[in-house]
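>>> Just the structure for this:
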Amino acid sequence: MLNDPRSHGLWEKTAPLPPATLPLSGDVHADVVIVGGGYTGLSAALHLAEAGSNVVLLEANEIGFGGAGRNVGLINAGMWVMPDDLPGELGAVHGERLLDLLGNGPKLVMELIDKHGIVCELERNGTLHCAVGPEGLKEIEERARQWSKRGAPVTVLDARETERRVGSSAYAGALLDMRAGTLQPLAYARGLAHAVVKAGVAVHTGSRVTSTERNGAKWVVSTDGGKVTADWIVVATDAYSTGPWEQVRNEQVHLPYFNFATVPLGDNLRKSVLPGREGAWDTKEVLSSFRMDQAGRLVFGSVGALRNTGLAIHKSWARRSLKKLFPQLGDIPFECEWYGKIGMTDNALPRFHKLAQNVVGFSGYNGRGIAPGTVFGKVLAGHILGQISEAGLPLPVTDVVEPSFRAAKEIWYEAGAQAAHFVGARV
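Now for the predicted structure:
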């Protein structure tokens, strides 16, 4: 995509092909027009179509172009925010409702993969939140306590068991979450797209929305090549929003995140590095993540953008950090490198927006797009179909508000990541 190997990296290299699609041409009618070909839009389209709705999906670029095709591939349960903090942020009803919904999010992802035969390198062996030092251990112990009282299958592993599972002695322990897992994120998006087309959805890529207007009780959504007249609009563009809904992008601070993928490890190394194939990340403020793909490549990432001075700084840091974390790898070369944008909200929680009459969308996934995006797509379908009332949604309706100093914060995050990794690369 973009003729740039740093946009989607390993995932574009190894994902199955998407369904054949064409830009929108001419005027069409639908019950629902969905804007955005990521997890939320595809999930909403699939669930609507399976219920009998006439659906058109418009994607400005290609399926999985945004965060869906660039993320690490961790199918996490919940959000970054501690479980007990959600009721305080959202109120008791919405807080517990969201926890229950997102706690079961990975289950829905895996059920859809099984149901539709999606080939996306799914691993069901859980994830490891790795504790850095005593403070990190306290953090995961508290997170485990809060999830355990809600019945979640989470376990705190000691340093020895963590070393056995990770292949590194760097951590004081880890939180094992057996609800979670990993997948090839772009392959999952493309697999959903195949299921969507099979369900009867008209999918049009290369179809950027240029304007919308109200025509009586209907919406008219225009692209460069045509128009869709529909009863409902689902805005599923999130952190990559442009055009009529750029405000959704502007309510989020972009946090850049990069990944490097090694060449495939040999059989002996695969037995010592994540032998159970769990996905992992640590408790550092500028965190690191790592997981294996199906071919045995170790995917290693952190905060930062692979552009300008950041490319050399982050690559140097990644080489040194990987060697320190897994000395058994030696000077293993990288095969792919890429980066994308995480949309961060002020309280690190997602939003539900009613942007106009019958124009709805979720946004602000804060680095947790796979399960929440899939779940929220299903919720939007249920809402449009009249199965879920506005009062029954997992989030209250909120206005779109741009955070203070957004542009400055984005510059600071990118520069700060470079500074942290420059110092780290010199240690």
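
>>> distance of residue 383 from residue 86?
The gap separating residue 383 from residue 86 is 21 Å, by CB to CB, to the nearest Å. Placement of C-beta: from N, CA and C, glycine included.

>>> Please say which of those two ends up with more neighbours.
The neighbour count for residue 383 versus residue 86, taken as other CB atoms under 10 Å, is higher for residue 86 (23 against 19).

>>> Excluding residues flanking it in the chain, which one is nearest the more buried one?
Sequence neighbours aside, residue 95 is the residue nearest to residue 86 in space, at 3.9 Å (criterion: CB to CB, 6 or more residues apart in numbering).

>>> same question, residue 83
That would be residue 146: by CB to CB, 6+ apart, it lies 4.2 Å from residue 83.

>>> Could you give the number of residues near residue 237?
Neighbour tally, residue 237, other CB under 10 Å: 28.

>>> Torsion angles phi and psi at it?
phi -110, psi -20 (degrees, to the nearest 10).

>>> Nearest residue to it in space, ignoring adjacent ones along the chain?
Per CB to CB, 6+ apart, closest to residue 237 is residue 36, 4.2 Å.

>>> My guess is residue 46 contacts residue 377. True?
Yes - assessed by CB atoms under 8 Å, residue 46 is found in contact with residue 377 at 7.5 Å.

>>> Tell me the helix or strand right after the helix or strand residue 376 falls within.
Assigned by DSSP states H and E, residue 376 falls within helix 370-384. Using DSSP H and E, the helix or strand that follows helix 370-384 in sequence is helix 406-426.

>>> same for that following helix, what does it pack against?
strand 253-262, strand 298-303, helix 309-325 (3 or more CB pairs under 8 Å, 6 or more residues apart in numbering; DSSP states H and E).

>>> neighbouring strands for the second one, and are they parallel or not?
Read it as strand 298-303. Taking DSSP bridges as the criterion, strand 298-303 forms sheet pairs with strand 253-262 (antiparallel), strand 288-292 (antiparallel).

>>> what residues does whichever helix or strand comes after the longest one touch?
As assigned by DSSP H and E, the chain's next helix or strand after strand 253-262 is helix 267-272. Taking CB atoms under 8 Å, 6 or more residues apart in numbering as the criterion, the residues outside helix 267-272 that touch it are 167, 292, 296, 328-329.

>>> Now rank those by neighbours and give me the top one.
residue 292 (25 neighbours).

>>> Wait, that residue touches residue 275, no?
No - look at residue 292 against residue 275 with CB under 8 Å: they stay out of range, at 9.2 Å.

>>> Pull out the C-alpha coordinates of stretch 237-256 and format them as PDB.
Provided in PDB are the C-alpha atoms of stretch 237-256 (Å, rounded to 0.1, in the frame of the first residue of the first chain):
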ATOM      1  CA  THR A 237     -12.700   5.800  10.200                       C
ATOM      2  CA  ASP A 238     -11.400   6.500  13.700                       C
ATOM      3  CA  ALA A 239      -7.800   7.900  13.900                       C
ATOM      4  CA  TYR A 240      -7.400   8.000  10.100                       C
ATOM      5  CA  SER A 241     -10.600  10.100   9.600                       C
ATOM      6  CA  THR A 242     -10.500  12.800   6.900                       C
ATOM      7  CA  GLY A 243     -13.000  14.800   4.900                       C
ATOM      8  CA  PRO A 244     -16.500  15.200   6.500                       C
ATOM      9  CA  TRP A 245     -15.500  13.500   9.700                       C
ATOM     10  CA  GLU A 246     -12.000  14.900  10.300                       C
ATOM     11  CA  GLN A 247     -13.200  16.000  13.600                       C
ATOM     12  CA  VAL A 248     -13.100  12.400  14.800                       C
ATOM     13  CA  ARG A 249      -9.400  12.300  14.000                       C
ATOM     14  CA  ASN A 250      -8.900  15.600  15.700                       C
ATOM     15  CA  GLU A 251     -10.400  14.500  19.000                       C
ATOM     16  CA  GLN A 252      -7.500  12.000  19.300                       C
ATOM     17  CA  VAL A 253      -3.800  12.600  19.900                       C
ATOM     18  CA  HIS A 254      -1.800  10.500  17.400                       C
ATOM     19  CA  LEU A 255       0.800   8.300  19.100                       C
ATOM     20  CA  PRO A 256       3.200   6.700  16.600                       C
END
